[in-house]
Structures are given as C-alpha cells and as structure tokens.
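> take a look and give me a structure for this.
(one chain, ligands or ions: 3)
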Amino acid sequence: MPSTAHAPSSLIQVERVADLRTQVRAWRAAGERIAFVPTMGNLHAGHLSLVREGRARAERVVASIFVNPLQFGPSEDLDAYPRTLDADRRQLDATGCDLLFTPGVSEIYPRGQDTQTRVEVPGISDILCGASRPGHFVGVATVVCKLLNMVQPDVALFGEKDFQQLLVIRRLVEDLALPVEIVGVPIARESDGLAMSSRNGYLTPEERGLAPALYRVLNATADALRAGEPVERAEQAGLEALAMAGLRPDYLSVRRAEDLAPACAGDRSLVILAAAYLGRARLIDNLRVDLD
Ligand SMILES: Nc1ncnc2c1ncn2[C@@H]1O[C@H](COP(=O)(O)OP(=O)(O)OP(=O)(O)O)[C@@H](O)[C@H]1O
Ligand SMILES: CC(C)(CO)[C@@H](O)C(=O)[O-]
Ligand code: BAL
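Ligands and ions are numbered 1, 2, ... in the order given. Take a look at the predicted model:
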C-alpha cells in the first residue's frame, strides 16, 4: 500500500433521530460514556477543542451540525450562514469524533417551527445578546433541549465564547433536571487575539485587520477595573475605544460572572462581555476578571 494512503474514515453520519438512538444505545450497552458537541457547522479550531475535551471525558463523541432557524431573527443571516459539510466531516473525523448528527429542519421540527413547544429561560435570556436578538435564546434553549433529549449524552460541551448561552444552558439543565453534565470550554483565539468564530468569515481583509480591537478593548477594560476604575466609567471608556477602533458597539458590560447580574461594588468575580458590528459581522467576545 502506498505510504500516502489515508486511514479509512471511521466517522458515522446519521440524519435521523432513530438511527442516532440505535447507535448510541449500542455504545451504552457496551458500557461507554457519550460526550456531545452541538454546533452550527463551518468548523474551526474552537469547535475542535470542544471535540477534544469530549474525547477526554467519554469513550464516544457525538457532534451535531444544525443551523437552527428558530434562533435567527427575521433580518439575520440564516440563509447566508456558511455551510461547509464536507470540510467539517473531514475535520471531525481527524479529531476523533465518532458520530455526526446532521438532521434536516423537518427532523428537528416535524410539526413546523411555529407550532413547536418552546423552552424559555426567563431573565438571563432577555439581557445583553438577548436584548439585541429578541427570541434568540428561546430558539437556542429549545433546540439544545431537543438535541440533549435526542442524543442523551453523559456530558455536553459548550464554548465560553458564547458565555451568556452557556449560562442559559446551565440554567435550563438545572431547572428541567436534565441528567447531563454541562462543561464550558475556554475561548480559542487567533494569534492576534480575535476569538475564532464562523462569522469572522464575513469580514473583508480590512475589517479583519480591525477586528482584534474587540479583545484589546476587553483587556484594557479589565486593566481599568483592576486599577480601581468604577464600573460605569470603565464601560464607557470601553465603548468609546471600540468606536474609535472602527467597530460599532452593540454593548460592552461588566457583569457578575455567576449570573450576569450588573456588577456592584464588592463583586469580585466578574466578566466583561461585548458585542460589536463590523461590516456584515456581529462579533462577540468576553473576558473573565477576578479582582483579588
Ligand atoms: N472560539 C471559540 N472557542 C471555543 N468555543 C467556541 C468558539 N467558537 C465557537 N465555539 C463554540 O462552539 C459551539 C458551536 O458554536 P457555533 O457553531 O455557533 O460556532 P461559532 O463559530 O460561534 O459561530 P457563530 O459565528 O455563528 O457564533 C458553541 O458551544 C460555541 O460556543
Ligand atoms: C448551541 C447551538 C449549536 C444551538 O443551535 C448554537 O447556538 C451554537 O452553535 O452556539
Ligand atoms: N454561536 C451562537 C449561535 C448564534 O449566534 O446564533
């Protein structure tokens, strides 16, 4: 055999819940634990770090690719969202993912998405990204709840880049007593600090040059807080710095890391969250700050 031969693919791909369940049941019967990584595809190193973390925690890793229409607003990028299934499959295979679930919309919403039972996590869904994207977290909570019920994993992995989403999902799992461990995975960044994101692909070369300002401003805001700057002043300076760097800030907010309540004097465990528009992209990022 030529030395350049590739190892045969061991990635199983299924589109139907029934096939997913048959395979997962067989693994369970063999005493194997299941890790689950839900995604919307167009995979990058951030997604693959979730798969690797899954491998470290379970014998089998299931990933899903589903661009969930229920979490997109009417004027958002559902149709333009990048779909790169062949490349995604190759990356998952090379990273040791065992099964890829690629349901169609009718497999997830057989009755149509408008008449689908919905899952709402009140309060935390209505602030920050939820305020700018009304209904977004109902869409996320609904599809994540369904996917968890379909896969029935022992552990599910989510990126800390979507920090608010992670907290919404933790709350959902706690409130509905779902028997799954939720693990947050640190943000994977480009060498210039920009958080990896599928939507970075929307940036022109010039915008891509401006984008790392988001992470730089988060770091400058963290420095200001550590130096004793009052929260409101640090937030205002951060918003101004984003605009000066050529981004259009949506929000920059210092919150309590535990529950995203507004930070008050005396709170020590904080997170700075920001969202900003740049060309066709809406970028998000966040940075934890522990004052002590
Ligand atoms: N840079 C990253 N580091 C760690 N995890 C990430 C990163 N980017 C995305 N993830 C995680 O991967 C999972 C799937 O995310 P998704 O498919 O929406 O990717 P994305 O790159 O965040 O896309 P988008 O640009 O739409 O936000 C989520 O749990 C998300 O938090
Ligand atoms: C968790 C998720 C896969 C639900 O559609 C999505 O919001 C994402 O990719 O972060
Ligand atoms: N990564 C979050 C999915 C979304 O923006 O819709």
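> residues from this structure in reach of ligand 1?
Within reach of ligand 1 by C-beta under 6 Å from any ligand atom, the chain has these residues: 39-40, 46-47, 49-50, 158-159, 161-162, 185, 187-188, 195-199. C-betas here are computed from N, CA, C, even on glycine.
> so where is this structure shaky, pLDDT-wise?
Within the chain, the segments meeting pLDDT under 70 span 1-8.
> ok, back up a step: okay, and which of the residues of the chain next to ligand 1 map to strands?
39, 158, 159, 185 (DSSP state E).
> want to throw the residues you listed into JSON lines with neighbour count and distance to residue 15?
Listed next are these as JSON lines, based on neighbours: other C-beta atoms under 10 Å; distance: C-beta to C-beta, whole Å:
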{"residue": "39", "neighbour count": "22", "distance to residue 15": "16"}
{"residue": "158", "neighbour count": "23", "distance to residue 15": "23"}
{"residue": "159", "neighbour count": "23", "distance to residue 15": "25"}
{"residue": "185", "neighbour count": "20", "distance to residue 15": "26"}
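> ok, so of the residues you listed, who is nearest residue 141?
Of all these, residue 158 has the smallest distance to residue 141: 12.4 Å, by C-beta to C-beta.
> ranges for the helices of this structure?
17-29, 45-57, 85-95, 105-108, 129-132, 136-151, 163-175, 205-210, 213-226, 231-244 (DSSP state H).
> contacting residues for whatever residue of the stretch 51-200 of the chain ends up closest to ligand 2?
As assessed by C-beta to the nearest ligand atom, ligand 2 sits closest to residue 68 within the stretch 51-200 of the chain, at 4.1 Å. By C-beta atoms under 8 Å, 6 or more residues apart in numbering, residue 68 lies in contact with 40, 108, 139, 140, 143.
> show me what the closest residue to ligand 1 within the stretch 151-292 of the chain bridges to in the sheet.
Across the stretch 151-292 of the chain, the shortest distance to ligand 1 (C-beta to the nearest ligand atom) belongs to residue 159, at 2.2 Å. When bridges are called by DSSP bridges, residue 159 pairs up with residue 185.
> thank you kindly, that will do.
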